[in-house]
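>>> The amino acid sequence is not available; the structure is as follows:
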């Protein structure tokens, strides 16, 4: 019996309270399904941190597979209504009976900078999603996707702290394949610079397949804009941003890409955000958005006191 073909799908996530823990704002649907695959087939990976037995490492997702072991799946589309920096903390357990084994030899005190008694205060960027709804696009098998999604309680990081918890998922047919480009939202997933030629998008080293944090899965990419602007491109070279027509390549478009780079840098380094000052910093930046540019941008942000 022939295998059922994949089809374009629209997947809608409805959150309980709309809060998502994400440093850069990019929530990738294939990353969600990748995590769900382990939750179903190898939950011990979450408990032990160890990979499966040799020969049992293939992760098959119910999505159309693309060259380079990538998947036909988009980022999450949502409108962000608020953003805060919150911290999770871990205090040393000085009452553990084996604490004497952690005494500093020269000072005779327990070190809270390394090991089991290390103290943490880690910043997290928390984004509030309008109407608590995130939309994804993919090309895949509806039944297989629905099955995997049932193994996840939410999206984003730190679900155990209540961020990103799900109310429900809905899956429906999509009008077209929007996993790479959407007529309203533009670029829909990080794409290697050799695959497309785009203007107005930040360029950075970024994951192109799950797990996105793994160095071997990264490449120099055009990175989708998560600022919430709605984009349309006409044949006449006019970009419509937030309802206002502007020529492509205008200062506004360049600044939007610079602003995205800034948000990416701030998210990566967990910094404090002053939006008005960020607009001023981005307003004087021009040039190509490559790795050197990112480093220069970060230096400007630090100089301006945003980090």
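Arrived safely. Model, not experiment: these values are computed from the prediction.

>>> quick one, domains of the chain?
For the chain, automatic domain parsing gives the domain ranges 1-86+125-189, 87-124, 190-307.

>>> residues in contact with the helix or strand hosting residue 36?
Using DSSP states H and E, residue 36 sits in helix 29-41. For helix 29-41, the external contacting residues (Cβ atoms under 8 Å, 6 or more residues apart in numbering) are 11, 45-46, 59-63, 70-71, 73-76, 136-138, 145, 147-149, 151-152, 155, 209-212. In this view, the C-beta of every residue, glycine as well, is placed from N, C-alpha and C.

>>> still on that earlier bit, where among the domains of the chain is average confidence lowest?
Looking at the domains of the chain, the lowest mean pLDDT belongs to domain 190-307 (a mean of 59).

>>> quick one on the thing from earlier: quick check on the contacts of helix 29-41: which are buried?
For these, a neighbour count by 16 or more other Cβ atoms under 10 Å gives the buried set as 11, 61-63, 70-71, 73-76, 136-138, 145, 148-149, 152, 155, 209-210, 212.

>>> Would you check how far apart residue 25 and residue 69 are?
According to Cβ to Cβ, to the nearest Å, residue 25 and residue 69 sit 25 Å apart.

>>> ah, wrong one, I meant residue 63
12 Å.

>>> got it, and residue 154?
Distance from residue 154 to residue 69, by Cβ to Cβ: 26 Å.

>>> More neighbours: which of these two?
A side-by-side neighbour count of residue 154 and residue 69, using other Cβ atoms under 10 Å, places residue 154 first with 21 against 11.

>>> Can you show me the strands along the stretch 1-150 of the chain?
7-15, 19-21, 65-66, 70-71, 80-90, 120-129, 133-140 (DSSP state E, counting those that start in this stretch).

>>> With distance to residue 184 added, can I get the ones you listed in JSON lines?
Listed next are those as JSON lines, based on distance: least, Cβ to Cβ, whole Å:
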{"stretch": "strand 7-15", "distance to residue 184": "13"}
{"stretch": "strand 19-21", "distance to residue 184": "21"}
{"stretch": "strand 65-66", "distance to residue 184": "22"}
{"stretch": "strand 70-71", "distance to residue 184": "22"}
{"stretch": "strand 80-90", "distance to residue 184": "16"}
{"stretch": "strand 120-129", "distance to residue 184": "17"}
{"stretch": "strand 133-140", "distance to residue 184": "11"}
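
>>> Can you tell me which of those is nearest to residue 222?
strand 70-71 (14.3 Å; Cβ to Cβ).

>>> who does the closest one touch, helix- and strand-wise?
helix 29-41 (3 or more Cβ pairs under 8 Å, 6 or more residues apart in numbering; DSSP states H and E).

>>> how about the helix it packs on: buried residues?
29-39.

>>> would a markdown table of those residues with distance to residue 125 be doable?
Shown next, in a markdown table, are the buried residues of helix 29-41 (distance: Cβ to Cβ, whole Å):
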| residue | distance to residue 125 |
| --- | --- |
| 29 | 20 |
| 30 | 22 |
| 31 | 17 |
| 32 | 18 |
| 33 | 23 |
| 34 | 22 |
| 35 | 19 |
| 36 | 23 |
| 37 | 26 |
| 38 | 25 |
| 39 | 25 |
